[in-house]
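Enquirer: build me a model from this:
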Amino acid sequence: MKTKFLFAFVLFSTYCFSQSINDYKAVIVPLKFDFIKTDNQYRLATLTKFNLEKAGFTAFYANEELPQQYTAQRCDLLNVNVVRDNAFLITKLYVEFKDCYGKVVYTSEIGKSKTKEYEPAYKEALDGAFVSVNELNYAYNGTVNKSEVGKKQTTVQATAIAATAVTSAKAVESSVPMSTINSNTNSVDVLYAQPTETGYQLIDKTPKLVMKLMKTSQPDSFIAIKDGVQGSLINKNNQWFFEYYKDDKLVSEPISVKF
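Expert: Predicted coordinates for the structure are as follows:
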């Protein structure tokens, strides 16, 4: 048993630490980055996707329905993030590529601009950051075995989490008044947490952005926004719940999260 466990650990560790940018077949681009207020503000999502495709990547927006060949193995996809580095009188941006576990696979050099207006400054800085990305000479190498390991790991964990979530949800439902329980709780889909500057964003297996989380002073409680509804994500007895008010009644919706 110990030998099998050690082998599985080594195999999983190899997956986590040996991936290169060429092992991924496509990149997911969010519509909004943490330092802007609205989707595609200053055309940053558009510019990011354009620069990715110019560098040879296949790129999709987070709200796009992916072609079937890109949905079979979620861990074959990268998630891109544009990060602003705070500086005085200068705009600095860099680009991060993260795998399906939120691990940074590659970070670009910092692009800079002294332009005062936001839109041209962000464009110039982003173009500067992508200089180092272009120098990678990205070309998908067709690797599938490493991502398959990740997929199997995710499937096993997701099955266990979903089973725990359903069991915990039933236990909580028996002790909480029915008026506080959302009736649509027959199935619990696993959501995957990706770190952001203010907390996390939760995506499904598509991957599609489902919920945004903002940290509070309590590690088991987040300010949460889902489908335009703001509430709280809290942990009760090892089960996460999205709680909000609807028609003056408290709704408590079980959420299965893989952090």
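Enquirer: roughly how far apart are the nearest residue to residue 229 once chain neighbours are set aside and residue 47?
Expert: Excluding its sequence neighbours, the residue lying closest to residue 229 (C-beta to C-beta, 6 or more residues apart in numbering) is residue 244, at 5.4 Å. Every C-beta, even on glycine, is put in place using the N, C-alpha and C of the backbone. Distance of residue 244 to residue 47, computed by C-beta to C-beta, to the nearest Å: 34 Å.
Enquirer: quick check: the residue nearest to residue 229 touching residue 227?
Expert: No. Contact between residue 244 and residue 227 fails when scored by C-beta atoms under 8 Å: they sit 10.2 Å apart.
Enquirer: out of these two, which sits in the busier spot?
Expert: Neighbours around residue 244 and residue 227, counted as other C-beta atoms under 10 Å, are more numerous at residue 244. The numbers are 18 against 6.
Enquirer: contacting residues for the more buried one?
Expert: Counting by C-beta atoms under 8 Å, 6 or more residues apart in numbering, residue 244 touches 229, 230, 231, 232, 250, 251.
Enquirer: state the number of residues packed around the fifth one.
Expert: Summarising burial for residue 250: neighbours were counted as other C-beta under 10 Å, giving 14.
Enquirer: what pLDDT does the model give it?
Expert: Note on residue 250: pLDDT of 90.
Enquirer: may I ask which helix or strand encompasses it?
Expert: Element membership for residue 250 (DSSP states H and E) is strand 249-258.
Enquirer: counting contacts, what elements does that strand pack onto?
Expert: When contacts are defined as 3 or more C-beta pairs under 8 Å, 6 or more residues apart in numbering; DSSP states H and E, strand 249-258 sits against helix 145-175, strand 190-195, strand 239-246.
Enquirer: sorry, back to before: the contacts of residue 244, buried ones only, as a PyMOL selection?
Expert: To isolate the buried ones among the contacts of residue 244 in PyMOL, judged by 16 or more other C-beta atoms under 10 Å, type:
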select buried, resi 231+232+251
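Enquirer: low pLDDT regions in the stretch 51-200 of the chain?
Expert: 144-188 (pLDDT under 70).
Enquirer: same thing but at 90, please
Expert: 64-76, 86-89, 100-102, 141-190, 192-200 (pLDDT under 90).
Enquirer: for the chain, what spans make up the helices?
Expert: 2-17, 44-54, 118-134, 145-175 (DSSP state H).
Enquirer: so how far is residue 195 from residue 209?
Expert: As for residue 209, its distance to residue 195 is 14 Å (criterion: C-beta to C-beta).
Enquirer: looking at those two, which one has more neighbours?
Expert: When residue 209 is set against residue 195 and neighbours are counted by other C-beta under 10 Å, the residue ahead is residue 209, at 19 against 15.
Enquirer: mind pulling the model confidence for that one?
Expert: Looking at residue 209, the pLDDT reads 89.
Enquirer: one more: the one 5 residues further on?
Expert: At residue 214, the model reports a pLDDT of 88.
Enquirer: ok, how many other residues are close to it?
Expert: 15.
Enquirer: how about residue 127?
Expert: 17.
Enquirer: wait, what's in contact with it?
Expert: 47, 51, 111.
Enquirer: gap between it and residue 77?
Expert: Counting by C-beta to C-beta, the gap from residue 127 to residue 77 is 24 Å.
Enquirer: can you check residue 211 too?
Expert: 19 Å.
Enquirer: for residue 139, same thing?
Expert: With distances taken as C-beta to C-beta, residue 139 is found 16 Å from residue 77.
Enquirer: cool, residue 102 as well?
Expert: Residue 102 is 13 Å from residue 77, by C-beta to C-beta.
Enquirer: the two - which one has more neighbours?
Expert: The residue with more neighbours, out of residue 102 and residue 77, is residue 77; 21 against 16, by other C-beta under 10 Å.
Enquirer: isn't the more buried one right up against residue 29?
Expert: No. Checked against C-beta under 8 Å, the pair residue 77 and residue 29 is beyond contact range at 11.0 Å.
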